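**Q** From the sequence below, what's the structure:
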Amino acid sequence: INQGIFRHSATMYFNGARNQNISQSNFYSVRFGGGNYLKTLSGNITCAGDVVIDNATLDVSPANFSITLDNNWKNDSTGSFIARQGTVTINGEYSYIYSGQGNQQYGTGTYLSNHLGTKSFYNLIINKNSNTYWVILRGNLTVQNNLMINNCDLRQSHDPNTYGINNIYIGGDYINKGVF
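**A** Sure, this is the predicted structure:
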């Protein structure tokens, strides 16, 4: 439980081989691991760096706590993200979304590897400072509800020959106030 001031400039690891609760905090970067265990938010979290889901399950809880980050979202391992009806917001300048969902390699018809685990978002807001900043997908993107792009260049692939063409699946509204 975080009831004070918590400051750091490195990665915080939640990798206990047990279920863990994560209270409201501001992190630099955060990684969730430790095996097939549940890491549950008990408050909103903000990260100045990356959010990485390794081999654990990150759950925003029935309260639908939010996650805000300024760098990369990495869920391309065997971990899962239980989005429920929560919102993930990506701010900052340049970011990648590594989803681990297989995509088609450009011009070949060959599908790149697909990692196990739940990879979808419920609401995703990409909120950059200018259209000159970008977010690049590394894997297919699934948003169960709304995808909002504010002041950003969203790219479906960095290099289609190497990383493939990434599909975007949206179950709700698509709001584009950027470049796509």
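
**Q** Okay, the most centrally placed residue in the chain and residue 16: tell me how far apart.
**A** Closest residue to the average C-alpha location of the chain: residue 73 at 3.6 Å, with Cα atoms, centre = their mean. As judged by Cβ to Cβ, to the nearest Å, residue 73 and residue 16 stand 22 Å apart. C-beta: built from backbone N, CA, C; applies to glycine.

**Q** Please apply the same query to residue 158.
**A** Taking Cβ to Cβ, one finds residue 158 at 34 Å from residue 16.

**Q** Show me where the protein has its helices.
**A** Under the criterion DSSP state H, helices of the chain are mapped to 160-163.

**Q** Now for it, the helix or strand with the poorest mean pLDDT.
**A** helix 160-163 (a mean of 65; mean pLDDT, DSSP states H and E).

**Q** Would you check that residue 148 makes contact with residue 124?
**A** Yes - here residue 148 reaches residue 124: they are 7.3 Å apart, a contact under Cβ atoms under 8 Å.

**Q** of the two, who's got more company?
**A** Neighbour totals were compared for residue 148 and residue 124, and residue 124 leads with 24 against 20 (other Cβ atoms under 10 Å).

**Q** Could you give the bridge partners of the more buried one?
**A** Beta-bridge pairing for residue 124 (DSSP bridges): residue 88, residue 147.

**Q** returning to that earlier point: name the nearest residue to the residue nearest to the centre of the chain, ignoring sequence neighbours.
**A** Residue nearest to residue 73 in three dimensions, not counting chain neighbours: residue 97, with 4.8 Å by Cβ to Cβ, 6 or more residues apart in numbering.
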